[in-house]
Every structure is written in structure tokens, then in C-alpha cells.
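Novice: mind looking at a prediction? Sequence and model below.
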Amino acid sequence: MTPVPLEDVFLAAAALFVVLAIAMFYRAVVGPTTQDRLLAVNVLGTNTVVILALLAAGLDQSWFLDVALIYALLNFLMSIAISKFTVERGGVL
Amino acid sequence: MIETLRFWAIVVLLGLGVLFTFVSTVGVIRLPDVYSRAHTASQTDTLGAGFALAGVAVAFGWQHAAVYTVLLLFFVFITNPTAAHAISRSAAETGVEPILAAEGEDGNETEGDAETDGESR
């Protein structure tokens, strides 16, 4: 009834998100300030969470969603921690 | 019938998610300073991830994985604007100057800046 299987739709969307995440690496590499790089890595983390959820639906492995939940938590903690460190100590190291 | 409807709902939701993430990626690569990039980067967190995760939740249907997906969506909605705000605030406190309209090519504020420059000299 449907023109293509539903799993292929999810895998194609995950492939498009991977392409967009690779394009986002440009800003993470050349970004002039630390905050530019941090912002790009934060968006990359969100893209990773979405890719994990799409793979969980496409491959029918619902335990990928647990990994995505933990990844979203760690991504948030990383952004907050690095932005605090850059203000109070002038850098991560 | 209901399967076809669900299929096209999922296709539309995933297409909107990919579209907004594409717009956000173009913005992060091409916009001029940190603050405008932060504005367009939080778009991928709310609209792009929101539509894509809603598509995943519709695909799972009534089972516990859909509850996980909605929880993930709620969590992404709460944490990512907070992270974008923290990044922008750290940029402001470490002295990154925003590009204002007064530095552009036209406008009244440019004349005002020229007057204050003349007074300071």
C-alpha cells in the first residue's frame, strides 16, 4: 500500500541528518571563538540524538533510545560545563 | 487506510525535521557572529529535532518506546535552549562583541557614531 517500506524512510532521513552533521563540522573546525566551536558541537550532539532515535525506529532496536537519552544528558552537561569554565577560568584547560 | 495515513504523516514530519535542520545548518555556517549563529542553532534543537522525534514517536505507536521518545523530546526542548543561552552568555562575558546595525553601511546610527567620534577627537 505504501510506496516504500517505512524502515527505508527512517534510514534515508538518518542519512540526510548525517550529511547535515558533517556540514556542521565546518563551523566546529574554523569557528573563530571558543563559543562558536561549542555551539557547533552542541548542535552536532543534538543531531546525534536525532540520528539515534531515527535508527531506533528504522532498525527496530528500541534500546537505541536509552543511548539517545543518555547522550542528550551528557551533551547538555558538556555545554554548560564548558561555557562556565570559559567564563571563570578563561579556558577549559 | 490508517496505515497509509500514518505513513504519510511520518514522511511529512521527517521531511519538516530535515528541512529545518538544513536551514539551521546553512545559518550556522554562513551567519556572521556568535549571537546570530546561536539564534539559528537553537532552531535545530526545537523545530528540527522536535519534528523528527515526533515522527519516530508516531512510528512506534502505542508501546513503551513511544514514551521514551516523548520523554526525549521533552528533555531536548528543556535543555537545549538553556545550553544556547549559557553559550551566548559566556560569549558576552568573555568580551565577544556583537555586530550591530550601526557598523553597517547605512542608517541613522552611523551618523550618531560619527558625531561622537568627532566630539571625542
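Specialist: Yep, that arrived. Residues are numbered from 1 along each chain as shown, chains lettered A, B, ... in the order given.
Novice: list the residues that contact B:His64.
Specialist: Residues in contact with B:His64 (CB atoms under 8 Å, 6 or more residues apart in numbering or on different chains) are A:Ser62. All C-beta spots, glycine's among them, are computed from the backbone N, C-alpha and C.
Novice: over to the one 4 residues further on?
Specialist: Under the criterion of CB under 8 Å, 6+ apart, the contact partners of B:Tyr68 comprise A:Ser62, A:Leu65, A:Asp66, A:Leu69.
Novice: which among those residues count as buried?
Specialist: A:Ser62, A:Leu65, A:Leu69 (16 or more other CB atoms under 10 Å in any protein chain shown).
Novice: what's near enough to touch the last one?
Specialist: Shown in contact with A:Leu69 (CB under 8 Å, 6+ apart): B:Tyr68, B:Leu71, B:Leu72, B:Phe75.
Novice: flag the shaky bits of chain A, pLDDT-wise.
Specialist: Chain A contains residues with pLDDT under 70 at A:1, A:89-93.
Novice: which stretches of it form helices?
Specialist: A:6-30, A:34-58, A:64-88 (DSSP state H).
Novice: pick the most buried one from these.
Specialist: helix A:34-58 (a mean of 25; mean count of other CB atoms under 10 Å in any protein chain shown).
Novice: that one versus helix A:64-88: what angle between them?
Specialist: 170 degrees (axes from the mean of the first three to the mean of the last three CA atoms, to 10 degrees).
Novice: which helices and strands does helix A:34-58 pack with?
Specialist: If you count contacts as 3 or more CB pairs under 8 Å, 6 or more residues apart in numbering or on different chains; DSSP states H and E, helix A:34-58 packs onto helix A:6-30, helix A:64-88, helix B:2-30, helix B:34-43, helix B:49-60, helix B:64-93.
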